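1. Sequence and predicted model, in that order:
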Amino acid sequence: MYLKNPEYFLTIVKERSISRAAEKLYLSQPYLSQYLAKLESNLGVTLLDRSRSPLQLTQAGALFQAYLERQAYLNRQLESDLRDLQDRKRPELHIGVSPWRGSVVIPDIMPRFSEHYPDVHLVLHECPVPQLSTLAQDGVTDLCLVPMPIDLGELTYEQVIHERVLMCIHKDNPLVKGVDSPYTAPKHFDLSRLGQERVIMLPADWWVSKLLYNAFSSHNMEPKDILITTNNNTAINLAAEKMGVSFLFESGILRTPYMDRLSFFTVGEPPITANLTVTYKKNAFLSPAARTFIDLVKEKYRSFDRMTP
């Protein structure tokens, strides 16, 4: 349907007041009230509950808002694509990913993606996980690979895998020496046995660390020696050099060059797991290239999916 001045309705919703919206739009309040009444009459539904202050969206109003926001996004996307075509620019797909996840995912997926879309330029935005949702919220990225849960806000997501967190420890460490626990068949490790062992952790506000601290608490233990790093590769490399134990999502371990030095264990009761998701803005138009990228990510991770939560 064609709607003249859809920004009027969206401004009313944002301000939750016709008078404040009128000020923002430099319109008179009676004119904006008439606009809203005519819009509701044409649609045959009530969009806003005027009996409440501030104004509240009805169910129909929320649906209509989502439609307008999606239409506005599509209009911007069309304008951008037409400009790119006119300027003969290569279309771009912006992907948000942590540096560690990027080093694991992109080298495998990029060749296959390029086979499908040789003219699409992949742009990687690598930053710590807590910042990725902000990139998606602000429209900087088309897609982000992030563990759940996060504060979704204006975002939605598709689950990729439900994977385990594994403890990485040198095979010669007295805690595990003589125990056969390879990456392909990890045994379980009781966290209360860590004792004085140095624990290599990612920052406390990162999701994997939150899971681990909860597990430590449930075992009534607190690591005495903690080394903090923001780099997963540093964490596993330190474990390989007998500098402590580290904890990583299992899908990212295979690329370490030190597999032969390490043993791997599940931890927690039940074993700690987390969801990896592809996250993007609600009502966003996913291009065929974006859809293909998501499908390739899911295919890559399928072998690591441990359960359906």
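-> Thanks, I have the structure now.
2. Partner strands of the host helix or strand of Leu93, with direction?
-> Using DSSP states H and E, Leu93 sits within strand 92-97. In the sheet, strand 92-97 lines up against strand 121-126 (parallel), strand 143-148 (parallel) (DSSP bridges).
3. for the helix or strand just after it, the distance to its chain's centre please.
-> Using DSSP H and E, the helix or strand that follows strand 92-97 in sequence is helix 99-116. Distance of helix 99-116 from the chain centroid (Cα atoms, centre = their mean, to the nearest Å) equals 17 Å.
4. cool, stretch 103-120 as well?
-> 19 Å.
5. Walk me through the domains of the chain.
-> Residue ranges for each domain of the chain read 6-85, 90-159+280-304, 162-273, as given by automatic domain parsing.
6. Turn the ones you listed into JSON lines, columns for mean pLDDT.
-> Below are the domains of the chain laid out as JSON lines (pLDDT from 0 to 100):
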{"stretch": "domain 6-85", "mean pLDDT": "86"}
{"stretch": "domain 90-159+280-304", "mean pLDDT": "85"}
{"stretch": "domain 162-273", "mean pLDDT": "89"}
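7. Quick one: these as CSV, columns for mean neighbour count too.
-> Using the backbone N, CA and C atoms, a C-beta is placed for each residue, glycine as well. Formatted as CSV, those follow (neighbours: other Cβ atoms under 10 Å):
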stretch, mean neighbour count
domain 6-85, 15
domain 90-159+280-304, 17
domain 162-273, 17
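8. if we can go back for a sec, what sits up against the strand holding Leu93?
-> For strand 92-97, contacts defined as Cβ atoms under 8 Å, 6 or more residues apart in numbering pick out 105-106, 117, 120-127, 132, 135-136, 140-146, 287, 289-290, 293.
9. Also stretch 175-185?
-> With contacts defined as Cβ under 8 Å, 6+ apart, stretch 175-185 is touched by 166, 169, 171, 187, 189, 193-194, 197, 250, 253-254, 259, 262-265.
10. Which two among the residues you listed are spaced furthest apart?
-> Greatest spatial distance among the contacts of stretch 175-185 (Cβ to Cβ): Arg193 and Leu254, at 26.2 Å.
11. who's in contact with Ile109?
-> Ile109 is in contact with 293, 296-297, 300, counting by Cβ under 8 Å, 6+ apart.
12. who's in contact with Ile12?
-> Taking Cβ under 8 Å, 6+ apart, we find Ile12 in contact with 18, 21, 32, 36, 48, 55.
13. Narrow these to those in helices?
-> 18, 21, 32, 36 (DSSP state H).
14. Hmm, the first one is touching Leu55, no?
-> Yes - with contact defined as Cβ atoms under 8 Å, Ile18 counts as touching Leu55 (7.3 Å).
15. Tell me where the stretch 101-250 of the chain has strands.
-> Remark: strands assigned in the stretch 101-250 of the chain by DSSP state E, counting those that start in this stretch are 121-126, 143-148, 155-170, 187-189, 198-201, 225-228, 245-249.
16. do you know which of those lies nearest Tyr280?
-> Tyr280 sits nearest to strand 143-148 of all the strands of the stretch 101-250 of the chain, at 5.2 Å, using Cβ to Cβ.
17. CA atoms only for that closest one - export them in PDB, please.
-> Extracted C-alpha coordinates of strand 143-148, given in PDB (Å, rounded to 0.1, in the frame of the first residue of the first chain):
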ATOM      1  CA  LEU A 143      24.800  -9.800  10.100                       C
ATOM      2  CA  CYS A 144      26.700 -10.500  13.300                       C
ATOM      3  CA  LEU A 145      27.900 -13.900  14.700                       C
ATOM      4  CA  VAL A 146      27.300 -13.600  18.500                       C
ATOM      5  CA  PRO A 147      26.600 -16.000  21.400                       C
ATOM      6  CA  MET A 148      23.300 -15.800  23.200                       C
END
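18. Now do it: everything it contacts.
-> With Cβ under 8 Å, 6+ apart, strand 143-148 has contacts from 93-98, 101, 105, 129, 132-133, 135-136, 157, 159-160, 207-208, 249, 274-280, 290, 293-294, 297.
19. Having no further points to raise, I will conclude here.
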